[in-house]
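Asker: Quick one: sequence and predicted model below, then my questions.
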Amino acid sequence: MKTERIRTEQVGFTYEEAKHPVLEDVSLKIHEGEFVAILGHNGSGKSTLAKLLNALYLPEKGDVFVCDMNTRDDQHLWDIRRNAGMIFQNPDNQIVATVVREDVAFGLENLGVEHDEMVRRVDEALNSVGMTDYADASPHTLSGGQKQRVAIAGVLAMEPRIIIADESTSMLDPLGRAEVMNTVRGLNRDKGISVVWITHYMEEAAMADRVIVVSDGKIELEGTPRQVFQQVDKLRKLHLDVPHMTALAAELREQGIPISDQVLTVDEMAEEVLRLVCPSN
Amino acid sequence: MLNNITLGQYYPVDSLVHRLDPRIKIVLTIVTLVAVFLVGTLAGYALILAFCLLVARLSNVPVRMLLKGIKPLRFILILTFFLNLFFTSGTELVHVGFVIITREGLRQAIHFSLRLVFLVMTTSLMTLTTSPIQLSDGMEMLFSPLKVIHFPAHELAMMMSIALRFIPTLMEETDKIMKAQKARGADFESGNLIQRAKSMIPLLVPLFVSAFRRAGDLALAMESRCYHGGEHRTRLRVLRITRMDYLACVAVAVLLALVILESRFIPKGLIL
C-alpha cells in the first residue's frame, strides 16, 4: 500500500453570498506517485476543490489532509503549501518577478532558504523543466507554455510532494499544452511527485492513472481512464465529452461493428481497425 | 508603439557605474546633492560639472542623455532666472525704466538656475545607470531600519517590483483591447481633447476590470507559494559592496571636501 499524500473527508464548501454549496461530501485519496485527473465541466466545483487542497480555502464541512497535516491547522500552513505546490490557469497572473530566475526563487525566498541552497535549487528546477536557457529572460517575452513551465519550476524549487495543476493548460495552444503536460508527466515519473491534474480536456484526462469526475460538487465517477470513459452515456448526461476516439468507437459499435470499448487514443483506434480489417496480423 | 518599452530612463549598458551597489549610489547621489547646495562660487559649479562629466564618461551614458533630462525643465529655469534677476534688491547694475537689475539679483539668478540644472543632472546620472528594480532593492534596504516605526519598506519594494513586472503585460493588453474596440468602430484619434478623453472609456473600463482580476489571481498565486510578507525572507538577489563602491565613496567624499573648501576660501563675488 502506497503512502497517502492527500485525503479529503466529506468536504463541503459554499462561497459567501452563494445559495448552493459548490462542493458537497467530497471524499478522495491521492497516493504517492499517482497522477490523478479531476474532470468536470465549468462550475462543477473542480477549481474550488483544487484551492482546498492547498489551504487557500478552508473547508466548510469535513477535513482536508495534506501529507497527514490538517489544512485547518495554522501551524502547518506553510508546510502544506510547500508540499502541495499549485499551478494556476493564467500563465501571466502567477509570475511575480521581472526575471525568470527570480520568479523561480520566489517561493524559496518566502521560506527563508539560504542563498547558496537557493541558487542550487533554482538551477536544478529550471533544468528539470528545460528552461535553463531562459533563466535571465523577462517573463513577458516567453510563450504561454514556457511561462507555465517557469511556474512549474517555481513550485518544483520548493521540493513539493504533490503538484496541483488547476486547468493549467486551458489558456494554451495545442503545442503549449503538450509541452506543459509532458513536463508534469515527466516529473511525476522521474521524481515520483503526485499530480492532481484538474482539466476539462478528455485527452489529458486519458493520460492519467486515475480519473475522478466531479459534477455539481459531487464525485460522480472514479476509476482508471478506461473504466471511466467506457460509460459514454453517463458522461454525456454530466455534460462531458468522451475522448474523440472513444466516442467514435461507441458510434461504430452502435452500427454493429465489433470494436473494443477500451479505445482512448488515435493509435489504439488504428490498431483496432487494423485488427478488424486484417485479422491475420 | 508598444513594442519597445523603456522603463523610467534607465540606459541599459554595462559599466563601472552601472555595477555599483544601488544603496551606495542612492546615498552618494544624496551627498552630491548636498554638495550642490553648498557651492559658493562658479568655481564650485565647475567642479560639480567636471564630476558629472567624469561619471557620465565612466558610465558609458552619452552626455546627450544627461541634457535630455534638463530639457523639460527649461520653462522653470527661465522663470527662476528672470524672477531672481528682476526682483532681488541690492546694488543697482542696470536701471532702464522700471527694470532694475542688481548685482545680487544677477548672482542669485545664475546660482539658482545652475543649482536646478545640477540637481536634475546628478539624479539623472543615478536613474540612468540604475535599473528600476535595483533602485527599489536599494530603497528597501536603506529604509529597512525604519521598519521599527512600521514603515512598509518591504511592501513598497514588492509593489514596485510587481508594477514593473506587469507594465509590459498591461501594455500588451491595452494594445489588444484597442484593436478590439477599433474593430467595433471605436475612434481614438479624432475630435477635440474632451472627445478623445471620452473615447478612452471603452479602453479603460476593460483594462481596469482585467487588472483587478489579475491582482486577485496574483495574490492567490503568491499565497500558494508561501508569501507572508517581509519577515524571515531571504533573497536571491543579494547586494554586495565591492572595492569599486569604496572607490566611489572616496571620489564623492573628495568632491564634497573640495566644494566645502571652495565655499569657505574663495570669497563670494570674486567669480560671482
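Answerer: Received the coordinates, thanks.
Asker: what does the stretch 101-250 of chain B have sitting close to chain A?
Answerer: Contact residues, the stretch 101-250 of chain B versus chain A (CB under 8 Å from any CB of the partner chain): B:133, B:161-162, B:164-165, B:168-169, B:172, B:213-214, B:217-218, B:220-228, B:232-238. Any C-beta I mention is one placed from the backbone N, CA and C, and that applies to glycine too.
Asker: Kindly recompute the last result at 7 Å.
Answerer: Residues of the stretch 101-250 of chain B found near chain A (CB under 7 Å from any CB of the partner chain) are B:133, B:161-162, B:164-165, B:168-169, B:214, B:217-218, B:220-228, B:232-238.
Asker: out of the residues you listed, which are buried?
Answerer: In terms of neighbour count (16 or more other CB atoms under 10 Å in any protein chain shown), the buried residues within those are B:133, B:161-162, B:164-165, B:168-169, B:214, B:217-218, B:220-227, B:233-236.
Asker: List the beta-bridge partners for the spatially most central residue of chain A.
Answerer: Residue closest to the average C-alpha location in chain A (CA atoms, centre = their mean): residue A:197, at 1.2 Å. Applying DSSP bridges to residue A:197 gives these bridge partners: residue A:37, residue A:165.
Asker: That one touches residue A:166, doesn't it?
Answerer: No. Using CB atoms under 7 Å, residue A:197 makes no contact with residue A:166, being 9.2 Å away.
Asker: Any stretches of the stretch 1-150 of chain A with poor pLDDT?
Answerer: A:1 (pLDDT under 70).
Asker: What ranges does the chain have for its helices?
Answerer: Chain wasn't specified; assuming chain A. Here chain A has its helices, by DSSP state H, at A:46-52, A:77-83, A:100-111, A:115-128, A:144-156, A:174-191, A:202-205, A:225-229, A:232-237, A:244-254, A:266-277.
Asker: Chain B was what I was after
Answerer: Going by DSSP H, chain B shows helices at B:22-38, B:42-58, B:63-70, B:74-86, B:103-129, B:132-143, B:153-183, B:193-199, B:201-224, B:243-265.
Asker: how about these in JSON lines, adding mean pLDDT?
Answerer: Formatted as JSON lines, these follow (pLDDT from 0 to 100):
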{"stretch": "helix B:22-38", "mean pLDDT": "95"}
{"stretch": "helix B:42-58", "mean pLDDT": "93"}
{"stretch": "helix B:63-70", "mean pLDDT": "85"}
{"stretch": "helix B:74-86", "mean pLDDT": "91"}
{"stretch": "helix B:103-129", "mean pLDDT": "91"}
{"stretch": "helix B:132-143", "mean pLDDT": "89"}
{"stretch": "helix B:153-183", "mean pLDDT": "91"}
{"stretch": "helix B:193-199", "mean pLDDT": "87"}
{"stretch": "helix B:201-224", "mean pLDDT": "93"}
{"stretch": "helix B:243-265", "mean pLDDT": "93"}
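Asker: would JSON lines of those with distance to residue A:157 be doable?
Answerer: Converted to JSON lines, the helices of chain B look like this (distance: least, CB to CB, whole Å):
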{"stretch": "helix B:22-38", "distance to residue A:157": "26"}
{"stretch": "helix B:42-58", "distance to residue A:157": "38"}
{"stretch": "helix B:63-70", "distance to residue A:157": "39"}
{"stretch": "helix B:74-86", "distance to residue A:157": "50"}
{"stretch": "helix B:103-129", "distance to residue A:157": "32"}
{"stretch": "helix B:132-143", "distance to residue A:157": "20"}
{"stretch": "helix B:153-183", "distance to residue A:157": "18"}
{"stretch": "helix B:193-199", "distance to residue A:157": "46"}
{"stretch": "helix B:201-224", "distance to residue A:157": "14"}
{"stretch": "helix B:243-265", "distance to residue A:157": "31"}
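Asker: Just tell me which of those ends up closest to residue A:21.
Answerer: helix B:201-224 (20.7 Å; CB to CB).
Asker: how far away is residue A:227 from residue A:214?
Answerer: 16 Å (CB to CB, to the nearest Å).
Asker: Neighbour count: these two, which is higher?
Answerer: Between residue A:227 and residue A:214, counting by other CB atoms under 10 Å in any protein chain shown, residue A:214 is the more crowded of the two (24 against 13).
Asker: surely that one meets residue A:41?
Answerer: No. Assessed by CB under 7 Å, residue A:214 is found out of contact with residue A:41, at 9.1 Å.
Asker: Please identify the buried residues of stretch A:59-78?
Answerer: A:59, A:62, A:64, A:65, A:66, A:67, A:69, A:70, A:71, A:76, A:77, A:78.
Asker: Break chain A down into its domains, please.
Answerer: According to automatic domain parsing, chain A comprises the domains A:4-242, A:243-281.
Asker: Could I get the contacting residues of residue A:142?
Answerer: Taking CB atoms under 7 Å, 6 or more residues apart in numbering or on different chains, we find residue A:142 in contact with A:134, A:150.
Asker: and residue B:77, what does it touch?
Answerer: Applying CB under 7 Å, 6+ apart to residue B:77 gives the contacts B:113, B:116.
Asker: repeat that for 6 Å
Answerer: residue B:113 (CB atoms under 6 Å, 6 or more residues apart in numbering or on different chains).
Asker: Could you do residue B:69 as well?
Answerer: Residue B:69 sits in contact with B:120, B:124, where contact means CB under 6 Å, 6+ apart.
Asker: Over to residue A:226?
Answerer: residue A:262.
Asker: so how far is chain B from it?
Answerer: The spacing between residue A:226 and chain B, counted by CB to the nearest CB, to the nearest Å, is 33 Å.
Asker: Would you list the phi and psi of residue 241?
Answerer: Just so you know, I chose chain A. Here is the backbone geometry of residue A:241 (degrees, to the nearest 10): phi -90, psi 160.
Asker: Can you look at chain B instead?
Answerer: The phi/psi pair for residue B:241 (degrees, to the nearest 10) is phi -90, psi 120.
Asker: Just give the number of residues close to it.
Answerer: 12.
Asker: likewise residue B:231?
Answerer: Neighbours around residue B:231, by other CB under 10 Å: 9.
Asker: next one: phi and psi at it?
Answerer: Residue torsions, per degrees, to the nearest 10, at residue B:231 are phi -70, psi 140.
Asker: what's near enough to touch it?
Answerer: No residues are in contact with residue B:231 under the rule CB under 6 Å, 6+ apart.
Asker: Then the one 10 residues further on?
Answerer: Contacts here follow CB under 6 Å, 6+ apart; on that basis residue B:241 touches residue B:21.
Asker: One more: residue B:237?
Answerer: So residue B:237 contacts nothing (CB under 6 Å, 6+ apart).
Asker: residues from the stretch 1-150 of chain A in reach of chain B?
Answerer: A:54, A:56, A:78, A:81, A:86, A:88, A:90, A:92-94, A:98, A:102, A:105-107, A:109-113, A:118, A:140 (CB under 6 Å from any CB of the partner chain).
Asker: Those residues, buried ones only, as a ChimeraX selection?
Answerer: Only the buried entries of the residues of the stretch 1-150 of chain A next to chain B go into this ChimeraX selection, using 16+ other CB under 10 Å:
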select /A:54,56,78,81,86,88,90,92,93,94,98,102,105,106,107,109,110,111,113,118,140
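Asker: if you compare the domains of chain A, which one is most tucked away?
Answerer: domain A:4-242 (a mean of 20; mean count of other CB atoms under 10 Å in any protein chain shown).
Asker: measure that domain end to end?
Answerer: Using CA to CA, to the nearest Å, one end of domain A:4-242 lies 29 Å from the other.
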